[in-house]
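[1] kindly return the folded structure for what I paste below:
(2 chains)
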Number of protein chains: 2
Amino acid sequence: MKCGVFDSGIGGLSVASSILKAKLFDEIIYYGDTARVPYGNKNESTIIRYSLEAMEFLKNFNIDFLVVACNTASATAIDELKKEAPFPVVGVIEAGVKAVENEDKNSSILLIGTKRTIKSKKYEKFLREKGFKNIISIATPLFVPLVEEGITEGKIVNEIFDLYFKNIDRKKIDIVILGCTHYPFLSNSLQKYFPNAKLIHSGQAIVELLKNEYNLTPKKSTSINFLASDDPQHLRQKAKEWLNID
Amino acid sequence: MKCGVFDSGIGGLSVASSILKAKLFDEIIYYGDTARVPYGNKNESTIIRYSLEAMEFLKNFNIDFLVVACNTASATAIDELKKEAPFPVVGVIEAGVKAVENEDKNSSILLIGTKRTIKSKKYEKFLREKGFKNIISIATPLFVPLVEEGITEGKIVNEIFDLYFKNIDRKKIDIVILGCTHYPFLSNSLQKYFPNAKLIHSGQAIVELLKNEYNLTPKKSTSINFLASDDPQHLRQKAKEWLNID
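    Numbering: from 1, shown residues only, chains lettered A, B, ... in the order given. Coordinates of the predicted model:
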């Protein structure tokens, strides 16, 4: 069984890493559209077109599942992808929402993501449909460049937290949804900053969804391959660092 | 006389602004390749292809000059553009180097830019050819997202300066070359941080080059039009804010 994992760039490696560890597939094909990253600041029609092209490309590898490991693509193109796909398509947003659905409906939820993800209001819509009422959404566009610079803790990180979260009573946040695949790298700092919150990580959420909805069970081993529309060498280097593989 | 100004995104507006104020042309056509921004993290062959496509597109408007207002494209694709162009092509890198050529050759020069621009070593090569010896090059990839978030002064900016410039004796820097079109928005903070330095701004450098090398003189008025490969509305909005025009 083969799983395609698609992201606009390298951030989705955090999702691929969780799927790899869970061994739900014989093979994972990761495709990063690095020639056109980031999607977050692009128009809706452009994002849909790019996402469909990525799926077409992954079809060449006879995948049985498609994981959309990009929040922007999940927020913008998931309906079109599902309509055109001959296999199941699961996105990080539905997975993130599923991961909290059994929590207390009065929980204070903080949703953070790129401008595009927040503006799409997709997470909010789904969370409200599940009965959650206390949702604060904040776009935190500096987090991706911080992570890519390897700055994930310390003074600068905390001051940028203060900047984005200045109006929030941080002890009262029960759940923080990491609405961008780069954000798990800030988990330690975010957990300290929101001491009473449960952090929702897209990769873990996807694994739970695949297990529960599609009854996928662990294989003996899983191989993974990395493809990119630009500079695949850089993607493989990051994969080595972040996934701790050869 | 018509001038095309090409950038990967909106940063080149700082260059367009200088050309507009100098009134060297009857008309300026600004084209931002916003569907594929940023170029800085892409492969050389990809950047060359994108730059040639942008020039082809601008040819439709019968331009007489092409200003490459993107440091990444200037560092990577300027030779190919000049070879293919039926009109003069000037880039921000040659302009920046021209702007300092009469300075004392023992000056301490700090060059800052995106990873790609710094890695290309183009500025360094040209500066060394002019006889400069004391050149420090530092990639400062967090500056673009800071400017795009509107954070151009204060504690966070200074701490990020401290991070990038920790090994530099900042009072001894004589010249700071702003090797990215977003950086002029950080001019005030940089000038305070490097109190004895002259800052080199690409837009002003381009205007000087056009005046001196091509004997261009001010027209009565200059009009400007904005085109973008994605979300032209956003580009026009930023142009309104940054260029102070309708």
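[2] residue ranges with poor pLDDT in chain A?
    By pLDDT under 70, the low-scoring segments of chain A are A:246.
[3] can you pull the residues of it lying near chain B?
    Counting by CB under 8 Å from any CB of the partner chain, chain A comes close to chain B at A:34-37, A:41-43, A:46, A:141-142, A:144-146, A:148-149, A:151, A:155-156, A:159-160, A:163, A:230-231. All C-beta spots, glycine's among them, are computed from the backbone N, C-alpha and C.
[4] and the one residue in chain A that gets nearest to chain B, what helix or strand is that in?
    Nearest residue of chain A to chain B: residue A:145, at 4.4 Å (CB to the nearest CB). Using DSSP states H and E, residue A:145 maps to helix A:143-148.
[5] can you list contacts of that helix?
    Where contact means CB atoms under 8 Å, 6 or more residues apart in numbering or on different chains, the residues beyond helix A:143-148 that reach it are A:11, A:38, A:112, A:114, A:152, A:156-157, A:160, A:180, A:182-183, A:185-186, B:141-142, B:144-145.
[6] how much space separates residue A:188 from residue A:158?
    12 Å (CB to CB, to the nearest Å).
[7] now do the helices in chain A.
    Secondary structure of chain A (DSSP state H): helices at A:13-22, A:44-59, A:71-84, A:92-100, A:115-120, A:122-129, A:143-148, A:155-164, A:187-193, A:202-214, A:232-243.
[8] go through those and name the closest to residue B:237.
    helix A:115-120 (13.9 Å; CB to CB).
[9] show me what that closest one is packed against.
    helix A:71-84, strand A:134-139 (3 or more CB pairs under 8 Å, 6 or more residues apart in numbering or on different chains; DSSP states H and E).
[10] buried ones in the shortest one?
    Neighbour-count burial for strand A:134-139 flags A:135, A:137, A:139 (criterion: 16 or more other CB atoms under 10 Å in any protein chain shown).
[11] what sits opposite the last one in the beta ladder?
    When bridges are assigned using DSSP bridges, the partners listed for residue A:139 are residue A:113.
[12] domain parsing for chain A?
    A:2-91+A:204-243, A:94-201 (automatic domain parsing).
[13] what's the span of the last one from first residue to last?
    I take that to be domain A:94-201. From its first residue to its last, domain A:94-201 covers 12 Å (CA to CA, to the nearest Å).
[14] repeat that for the longest one.
    Using CA to CA, the end-to-end distance of domain A:2-91+A:204-243 comes to 19 Å.
[15] same question for stretch A:187-200.
    10 Å.
[16] what about that stretch, distance to the chain center?
    17 Å (CA atoms, centre = their mean, to the nearest Å).
[17] tell me which residues of it are tucked away?
    A:189, A:190, A:193, A:194, A:197, A:198, A:199, A:200.
[18] which one among the residues you listed gets closest to residue A:96?
    Nearest member of the buried residues of stretch A:187-200 to residue A:96, counting by CB to CB, is residue A:200, at 5.4 Å.
[19] got a list of what the spatially most central residue of chain A touches?
    By CA atoms, centre = their mean, the mean C-alpha position of chain A lies nearest to residue A:181, the distance being 3.8 Å. By CB under 8 Å, 6+ apart, the residues touching residue A:181 are A:7, A:11, A:12, A:13, A:14, A:15, A:69, A:70, A:71, A:92, A:202, A:203.
[20] repeat that for residue A:97.
    Contacts of residue A:97 by CB under 8 Å, 6+ apart are A:123, A:126, A:127, A:130.
[21] could you dump those into a markdown table and include neighbour count?
    Formatted as a markdown table, those follow (neighbours: other CB atoms under 10 Å in any protein chain shown):
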| residue | neighbour count |
| --- | --- |
| A:123 | 26 |
| A:126 | 17 |
| A:127 | 24 |
| A:130 | 13 |
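[22] kindly present those as a markdown table, with separate columns for distance to residue A:212.
    Below are those laid out as a markdown table (distance: CB to CB, whole Å):
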| residue | distance to residue A:212 |
| --- | --- |
| A:123 | 20 |
| A:126 | 17 |
| A:127 | 19 |
| A:130 | 16 |
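[23] re earlier: list only buried entries from the residues of chain A next to chain B.
    Buried, going by 16+ other CB under 10 Å: A:34-37, A:41-43, A:46, A:141-142, A:144-146, A:148-149, A:151, A:156, A:160, A:230-231, out of those.
[24] rewinding a little: just the closest of the contacts of residue A:181 to residue A:238, please.
    So of the contacts of residue A:181, ranked by how close each gets to residue A:238 (CB to CB), first place is residue A:13, at 6.3 Å.
[25] how many neighbours does the closest residue to the closest one other than its chain neighbours have?
    Closest residue to residue A:13 apart from its sequence neighbours, by CB to CB, 6 or more residues apart in numbering or on different chains: residue A:242 at 5.1 Å. Residue A:242 has 16 neighbouring residues, counting by other CB atoms under 10 Å in any protein chain shown.
[26] wait, isn't residue A:242 in contact with residue A:12?
    No - the pair residue A:242 / residue A:12 is not scored as a contact, 10.6 Å apart, by CB atoms under 8 Å.
[27] partners of residue A:224 in the sheet?
    Going by DSSP bridges, residue A:224 forms beta bridges with residue A:28.
[28] hang on, it packs against residue A:25?
    No - using CB under 8 Å, residue A:224 is not in contact with residue A:25; the gap is 9.2 Å.
[29] looking at these two, which one has more neighbours?
    More crowded of residue A:224 and residue A:25, by other CB under 10 Å: residue A:25, with 25 against 19.
[30] how about the more buried one: what's its closest non-neighbour residue?
    residue A:3 (4.3 Å).
[31] tally of neighbours for that neighbour?
    Residues near residue A:3, counting by other CB under 10 Å: 27.
[32] I'd guessed it sits against residue A:30; true?
    No - the pair residue A:3 / residue A:30 is not scored as a contact, 9.3 Å apart, by CB under 8 Å.
[33] ok, and the closest non-adjacent residue to the residue nearest to the centre of chain A?
    Residue A:181's closest residue in space is residue A:11 (CB to CB, 6+ apart), at 3.7 Å.
[34] phi and psi next, for that neighbour.
    phi -60, psi -40 (degrees, to the nearest 10).
[35] list the contacts for the nearest residue to residue A:128 once chain neighbours are set aside?
    In this structure, residue A:128 finds its nearest non-sequential neighbour in residue A:135, 7.2 Å apart by CB to CB, 6+ apart. Taking CB under 8 Å, 6+ apart, we find residue A:135 in contact with A:109, A:111, A:124, A:127, A:128.
[36] and if you look at residue A:31?
    A:4, A:5, A:6, A:7, A:54, A:57, A:58, A:227, A:228, A:229.
[37] just list whatever residues bridge to the fourth one.
    Under the criterion DSSP bridges, residue A:7 forms beta bridges with residue A:32.
[38] hmm, back to that, how far away is the residue nearest to residue A:128 from residue A:195?
    Going from residue A:135 to residue A:195 by CB to CB gives 20 Å.
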